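J.: Here's my sequence, what's the structure:
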Amino acid sequence: MKNFVVKTIANAGALAVAVWLLDKITLTGDNTAKKAGTLVVVALIFGLVNWLVKPVVKLLTLPLFILTLGLITLVVNALMLLLTSWLCGKLDLSFHVEGFWTAVLGGLIISIVSWAMHVILPDED
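T.: Below is the predicted model of the structure:
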């Protein structure tokens with residue numbers, strides 16, 4: 001359970017950095033508490049998308065991973081971020097990613113920040 005909470009906090013922090021750095025990734029809310037709550041829910045959705053959908057996409061695109069020496073990971077991460085944005089729109093959450101290239105850059109930022117947070121935060125159960 002502790003590992004799940006740590007990963008969710010890391011995802012929320014990484015998403016917050018992407019929202020802060022990129023103008024085309026938006027998170028709106030009435031106050032800071034509402035934004036933080038939305039960010040945690042978005043992090044849960046993002047984690048769920050990465051847990052359920054990403055392995056299937058990686059398996060289906062395995063030849064592209066080999067051919068591009070793993071650079072297709074940037075595209076897969078962007079697609080997962082766009083899927084998260086779409087799901088948040090369907091759930092009336094105020095999180096939106098505008099455009100594929102913004103998603104690529106956002107996915108890169110989220111990957112780097114998430115990796116750094118996983119190094120800093122404990123992950124044992």
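J.: Would you mind pulling up the elements that the helix or strand where residue 17 lies packs against?
T.: According to DSSP states H and E, residue 17 maps onto helix 2-21. With contacts defined as 3 or more C-beta pairs under 8 Å, 6 or more residues apart in numbering; DSSP states H and E, the packing partners of helix 2-21 are strand 25-27, helix 32-52, helix 100-120. Every C-beta, even on glycine, is put in place using the N, C-alpha and C of the backbone.
J.: Of those, which is nearest residue 75?
T.: Taking C-beta to C-beta as the criterion, helix 100-120 is the member of the helices and strands packed on helix 2-21 that comes nearest to residue 75, at 7.1 Å.
J.: So what touches the closest one?
T.: Under the contact criterion C-beta atoms under 8 Å, 6 or more residues apart in numbering, helix 100-120 has outside partners 6-7, 9-11, 13-15, 17-18, 21-22, 24-25, 74-75, 77-82, 85, 97.
J.: tell me the average confidence for it?
T.: Throughout helix 100-120, pLDDT has a mean value of 91.
J.: same deal with stretch 2-18?
T.: Model confidence over stretch 2-18 averages 88 on the pLDDT scale.
J.: Return the set of buried residues in it.
T.: Of the residues in stretch 2-18, 6, 7, 8, 10, 11, 12, 13, 14, 15, 16, 17, 18 count as buried by neighbour count, 16 or more other C-beta atoms under 10 Å.
J.: That one: how far from the chain's middle?
T.: Its chain's C-alpha centre lies 9 Å from the corresponding centre of stretch 2-18 when counted by C-alpha atoms, centre = their mean, to the nearest Å.
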